[in-house]
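Student: the following comprises the amino acid sequence and a computationally predicted model.
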Amino acid sequence: MSAIGSLSLAMVLAPATAIVLILVIGRSRPAEMINLIASAISLASIMAILLISPVRTTAFWNGYVVIDGLGVWTILCAAIVYFLASIYAVGYMRLLGGSERLHRFYAMFAGFALSTLIGPMMNNAGLYWIAVEVTTLISTFLVAYEHEATSIEAAWKYIIIVSAGISLALLGTILFYWSGTFVLGPTYDMTWDALRLIAPRLNPALASLSFLLVLIGFGTKAGLAPMHTWLPDAHSEGPAPVSALLSGALLNTAMVGIVRYLAVADAAGTSTLSRGALVALGAFSLFVAALFIVRQSGLKRLMAYSSVEHMGVIALGFGFGGSLGVAGALYHMVNHSLNKSAMFFGAGSIMRAYGTKRIPSIHLVGQNYPVLGGLWLAGAVAITGAPPFALFLSELAMIRAGLAVSHWLLVALIAILLVVIFVGFLNHFGSISVK
């Protein structure tokens, strides 16, 4: 086995082994450390892969697994968030009580992280769909972990809406496979390369319909509006480490499927429709986020709508395309994962300190908690895409990509929405920090 194959195996075996050990030992304190060690191994493994093969695409294990630029980048985001959330969870989860079932939380947490690591590696469209569905099944129990009426309701809403979307993605996947049978025969390996190679020979109408179905399906999981309605509830009701993993890892994993199918649609000659649909969903996500951020009263729901905004920005970058659009989207992925995780960690700490999720009930954070308040306020400025923070650069790249393809009016609308989000988000944090 090659070095990349060995590192990939170590990356997924670490959390898989952690699940078994945690369930066998059945105690919370060892579970914390086992999960933390597994997250460190996964992060070290993907960083080593990035250093060894930053560009080259490698398929192994009979072609079912692929390591390529998009997959490695997405896995890196997931692994970083998994590691940081595992550190934060050690102190945070002890405050929630229920120590007798805490080891089960860490087993599910490691399983959830494992599914987000495996998804981008799947070289078969069907297996990728299964990996995304597994993320839904595991994370549902994590959203409902606190066993409160609101968290259970959020979990039900999450699984119903996302499962409906994933069903559409499955239908789109089946239609893509069926359209390929007219070219390759009744059976073939539905790898991403195989789909791209036969794409010019696919029926354009069938290819367009298939892409729209997978866009809506995986777009639901990625939190794109108007399919985003599960996201504010799930993010706000789950424990803070789970919210970080949902926002910083899961959403990117779902976006991978859209991007891979977008390449197939481009090869099929249907890029006008496919990219136009992706750009439309991205722009509408910013519009919805702006409306709800301005009038939001729930702290973690505010973060959740920020995730809707940023997934919209990523969708716009990939939709506009070109080197600027793709580079901006990828850069936005990693910076959003890091920044949003920090925001959820801060939100979890503030909610525990003040005993509430309501923004109007939180005051003088900067005075009462100067270090935490200062860092959290800096994170709030960064998450809005303000200069000189990294998200400003990725949003600027996305705007330039839009201008490069002559979407002048759309870019102007996007810029206005980003300003509205900036003002609305920081208005909330001004009241939290100094009033």
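Tutor: Perfect, I can see it now. Numbers count the residues shown, from 1 in each chain.
Student: can you list the strands that the lowest-mean-pLDDT helix or strand in the chain pairs with?
Tutor: Lowest by mean pLDDT, DSSP states H and E among the helices and strands of the chain is strand 58-60, with a mean of 80. With DSSP bridges as the test, strand 58-60 is paired with strand 65-67 (antiparallel).
Student: just checking, what packs against the next helix-or-strand element following the strand it pairs with?
Tutor: Counting by DSSP states H and E, the next helix or strand C-terminal to strand 65-67 is helix 69-95. Judged by 3 or more Cβ pairs under 8 Å, 6 or more residues apart in numbering; DSSP states H and E, helix 69-95 is in contact with helix 3-25, helix 28-52, helix 102-118, helix 240-245, helix 251-267, helix 322-354. Using the backbone N, CA and C atoms, a C-beta is placed for each residue, glycine as well.
Student: pull out the buried positions in helix 69-95.
Tutor: Buried residues in helix 69-95, counted by 16 or more other Cβ atoms under 10 Å: 70-86, 88-89, 92-93.
Student: turn the helices and strands packed on helix 69-95 into TSV, columns for distance to Asn203 and mean pLDDT.
Tutor: Shown next, in TSV, are those (distance: least, Cβ to Cβ, whole Å; pLDDT from 0 to 100):
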stretch	distance to Asn203	mean pLDDT
helix 3-25	36	93
helix 28-52	38	94
helix 102-118	32	95
helix 240-245	39	94
helix 251-267	13	95
helix 322-354	27	92
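Student: okay if I get these as a markdown table plus mean neighbour count and distance to Leu278?
Tutor: Listed next are those as a markdown table, based on neighbours: other Cβ atoms under 10 Å; distance: least, Cβ to Cβ, whole Å:
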| stretch | mean neighbour count | distance to Leu278 |
| --- | --- | --- |
| helix 3-25 | 18 | 29 |
| helix 28-52 | 20 | 27 |
| helix 102-118 | 25 | 22 |
| helix 240-245 | 28 | 25 |
| helix 251-267 | 24 | 7 |
| helix 322-354 | 21 | 11 |
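Student: what's the closest of these to Gly276?
Tutor: Gly276 lies closest, by Cβ to Cβ, to one member of the helices and strands packed on helix 69-95: helix 251-267, at 10.8 Å.
Student: report the angle between that closest one and helix 69-95.
Tutor: Counting by axes from the mean of the first three to the mean of the last three Cα atoms, to 10 degrees, helix 251-267 lies at 160 degrees to helix 69-95.
Student: hey, C-alpha coordinates of helix 251-267 in PDB?
Tutor: Backbone C-alpha positions of helix 251-267 (Å, rounded to 0.1, in the frame of the first residue of the first chain) are rendered in PDB as follows:
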ATOM      1  CA  LEU A 251     -22.100  21.400   5.100                       C
ATOM      2  CA  ASN A 252     -18.800  21.200   3.200                       C
ATOM      3  CA  THR A 253     -19.100  17.500   2.800                       C
ATOM      4  CA  ALA A 254     -22.500  17.900   1.200                       C
ATOM      5  CA  MET A 255     -21.200  20.700  -1.100                       C
ATOM      6  CA  VAL A 256     -18.500  18.300  -2.500                       C
ATOM      7  CA  GLY A 257     -21.300  16.300  -4.200                       C
ATOM      8  CA  ILE A 258     -22.700  19.400  -5.900                       C
ATOM      9  CA  VAL A 259     -19.200  20.400  -7.100                       C
ATOM     10  CA  ARG A 260     -18.400  16.900  -8.500                       C
ATOM     11  CA  TYR A 261     -21.700  16.700 -10.300                       C
ATOM     12  CA  LEU A 262     -21.200  20.300 -11.600                       C
ATOM     13  CA  ALA A 263     -18.100  19.100 -13.400                       C
ATOM     14  CA  VAL A 264     -20.200  16.300 -15.000                       C
ATOM     15  CA  ALA A 265     -22.800  18.900 -16.000                       C
ATOM     16  CA  ASP A 266     -20.100  21.100 -17.500                       C
ATOM     17  CA  ALA A 267     -18.800  18.200 -19.600                       C
END
